[in-house]
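**Student:** turn this into a model:
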Amino acid sequence: MTRPFMAAAIVCLAAAAWGAAGREAADKKPDPINPDPKGVRPIAAADTVWIEELTWMEVRDALAAGKTTVIVPTGGVEQNGPYLATGKHNYILRATGEAIARKLGNALVAPIVAFVPEGDISPPTGHMKYPGTITLSEETYERLLTDICASLAQHGFSNIVLIGDSGGNQIGMMAVAARLNKKWAGKSRVHFIPEYYDYAGVEKWLEKQGIKQTPEGYHDDFIITAQMMAVNPAAVRAKERQAVGKFSINGLELAPVENTVAWGRKIIDYRADATAKLIKAAVAKK
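**Tutor:** Below you'll find the model as predicted:
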């Protein structure tokens, strides 16, 4: 082959190769499983503090904008007497979790940890004696919290806040916070805020405003019911109780619904304000 023909052949081969590469690049589609972490968000961000309601791009951009505190709320699914839905604590956390994050201004809220220790499975103890309750062992609960906190720390949250709306949640959160703070010294910090679960303090606050309860022996009271009604009156069976004349709790009438809902919102705001102040103090502490 003469040199001119050889050169032409090389040029043709190169052109064909470049053309194939160009077509392959043009035909290549974005990887839905591994999108570009630095990709530009194509739409405005949603106005929500709940991570599960945000896109990954919205979470990324919120972190970059300074929302580096995240609240991890723990609730539970348990028996709550004849009138309240088993997800009582989870309903309440939908309201208090958002209110706390809004007051902080630099925080998001992780999905509610709906399953927590509620008693032994077999033989059943505690709330597990009643259908509908779902329990975790203390070991499983603490491992779950540990992995949730580790995931959030990996993404860049520098302050992880643990709050629990039930008594059985507290020991596990305290233990996980202590272990992770020791392990992560100098990196992300975990703050356990036990005062969030100060229902006795809320009751004293209500008594100063003329609302005093007479316990009737239910796993329920005005504070709990009012907060739940602020989220969803159906969760306390408002219509059904009104129909049979049982729309009261601990000597306090719950009708009209609007009044109890208003008290529920006041209680939520009171708890959120107190908790937000404690979180700010914890974050500021060296």
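**Student:** helices along the protein, start to end?
**Tutor:** Along the chain, counting by DSSP state H, helices occupy 3-27, 56-64, 88-104, 138-154, 170-183, 199-207, 222-231, 238-243, 257-284.
**Student:** and the ones you listed, which one is worst for confidence?
**Tutor:** Among the helices of the chain, helix 3-27 carries the lowest mean pLDDT, a mean of 49.
**Student:** picking up where we left off before, most packed of the helices of the chain?
**Tutor:** Per-stretch averages of neighbours, counted by mean count of other Cβ atoms under 10 Å, single out helix 222-231 among the helices of the chain, with a mean of 25. All C-beta atoms are positioned from the backbone trio N, CA, C, and that covers glycine.
**Student:** does Gly39 touch Thr55 like I think?
**Tutor:** No. Contact between Gly39 and Thr55 fails when scored by Cβ atoms under 8 Å: they sit 11.0 Å apart.
**Student:** residues bridging contact with these two, i.e. touching both?
**Tutor:** Counting by Cβ atoms under 8 Å, 6 or more residues apart in numbering, Gly39 and Thr55 have no shared contacts at all.
**Student:** re the thing from before, now render the helices of the chain as TSV, adding distance to Pro111.
**Tutor:** As requested, the helices of the chain are exported to TSV (distance: least, Cβ to Cβ, whole Å):
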stretch	distance to Pro111
helix 3-27	38
helix 56-64	12
helix 88-104	10
helix 138-154	9
helix 170-183	16
helix 199-207	23
helix 222-231	16
helix 238-243	27
helix 257-284	18
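**Student:** out of those, which gets nearest to Phe115?
**Tutor:** helix 138-154 (7.8 Å; Cβ to Cβ).
**Student:** CA-only coordinates of the closest one in CSV, if you can.
**Tutor:** Written as CSV, here are the backbone C-alpha positions of helix 138-154 (Å, rounded to 0.1, in the frame of the first residue of the first chain):
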residue,chain,number,x,y,z
GLU,A,138,-33.8,-2.7,72.9
GLU,A,139,-30.8,-4.0,70.9
THR,A,140,-32.7,-3.7,67.5
TYR,A,141,-33.9,-0.2,68.5
GLU,A,142,-30.5,1.1,69.3
ARG,A,143,-29.0,-0.5,66.2
LEU,A,144,-31.7,1.2,64.1
LEU,A,145,-31.0,4.6,65.7
THR,A,146,-27.3,4.1,65.3
ASP,A,147,-27.6,3.5,61.5
ILE,A,148,-30.0,6.4,61.1
CYS,A,149,-27.7,8.8,62.8
ALA,A,150,-24.7,7.4,60.9
SER,A,151,-26.5,7.9,57.6
LEU,A,152,-27.3,11.5,58.4
ALA,A,153,-23.8,12.3,59.6
GLN,A,154,-22.4,10.8,56.4
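**Student:** give me the angle between that helix and helix 170-183.
**Tutor:** 50 degrees (axes from the mean of the first three to the mean of the last three Cα atoms, to 10 degrees).
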